[in-house]
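In: sharing a model that was predicted from the sequence below.
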Amino acid sequence: MTVVADLGHADEADRAVQRQAVDIAILDAKLPGATTVNDLCEKLIRQCGVLILTDPDCGDGACFSLTRHVPRVGFIATESSPDLLIESVRRAARGEPVFDTKLTMAALNARHNPLTGRERDVLCLAARGLRSIDIAQQLYISNGTVRNHLSRILTKTDCRTRIAAIRLAQEKGWI
């Protein structure tokens with residue numbers, strides 16, 4: 001097994017896969033960049049298998065829409081042991097389905113989430129205490145776009161404040 005690239009942004013992954021002979025691309029579901037992991041995955045599965053690392057406690061079911069591409073796309077919890085990660089890469093390379101049990105349970109227990117993937121990204125960063133300008137920088141969007149997302153989040157959650165929306169989203173398992 002050889003690691004051919006270690007990238008910090010989703011926008012770099014497509015070019016890296018094209019430059020290298022890659023069998024499996026491992027993507028963090030929270031990889032920053034203008035390109036979403038879902039969009040990136042849709043591109044990459046034409047060239048290689050994809051293993052997505054995601055947090056079962058986050059409640060972010062956006063990536064799970066990619067299950068229609070199993071076994072080209074696999075899912076593993078971010079907290080998995082290195083041994084499990086290696087075994088998952090090997091299974092994905094053999095064309096076997098990879099779907100971590102913790103993620104299976106999280107997907108089964110997930111409630112309907114009215115928030116879009118980008119709204120969840122914004123709310124997750126807000127939950128960490130980031131200001132709108134910092135959220136904008138991390139997500140490579142404008143500060144006004146962050147404010148628009150936060151406004152829609154408050155409307156969708158029927159909350160008056162960002163803190164109330166964060167609490168509700170956490171209680172419902174949306175973030």
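Out: In hand now; what should we look at? These numbers come from a predicted model, not from an experiment. Residues are numbered from 1 along each chain as shown.

In: could you list the domains of the protein?
Out: Following automatic domain parsing, one finds the domains of the chain at 10-109, 117-172.

In: quick one: low-confidence residue ranges for the chain.
Out: 57-65, 106-111 (pLDDT under 70).

In: any idea how far the spatially most central residue of it lies from Asn148?
Out: Nearest residue to the geometric centre of the chain (CA atoms, centre = their mean): Ala29, 2.3 Å. Using CB to CB, to the nearest Å, Ala29 is found at 23 Å from Asn148. For every residue, glycine as well, the C-beta is placed using N, CA and C.

In: okay if I get the domains of the chain as CSV plus distance to Val3?
Out: Shown next, in CSV, are the domains of the chain (distance: least, CB to CB, whole Å):
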stretch, distance to Val3
domain 10-109, 9
domain 117-172, 25
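
In: of these, which is nearest Val4?
Out: domain 10-109 (4.2 Å; CB to CB).

In: on that earlier part again, so what's the closest residue to the residue nearest to the centre of the chain other than its chain neighbours bridging to?
Out: In this structure, Ala29 finds its nearest non-sequential neighbour in Thr54, 3.8 Å apart by CB to CB, 6 or more residues apart in numbering. Thr54 has the following beta-bridge partners by DSSP bridges: Ala77.

In: does Thr54 touch Ser80 like I think?
Out: No - Thr54 sits out of contact with Ser80 when judged by CB atoms under 8 Å, with a separation of 10.4 Å.
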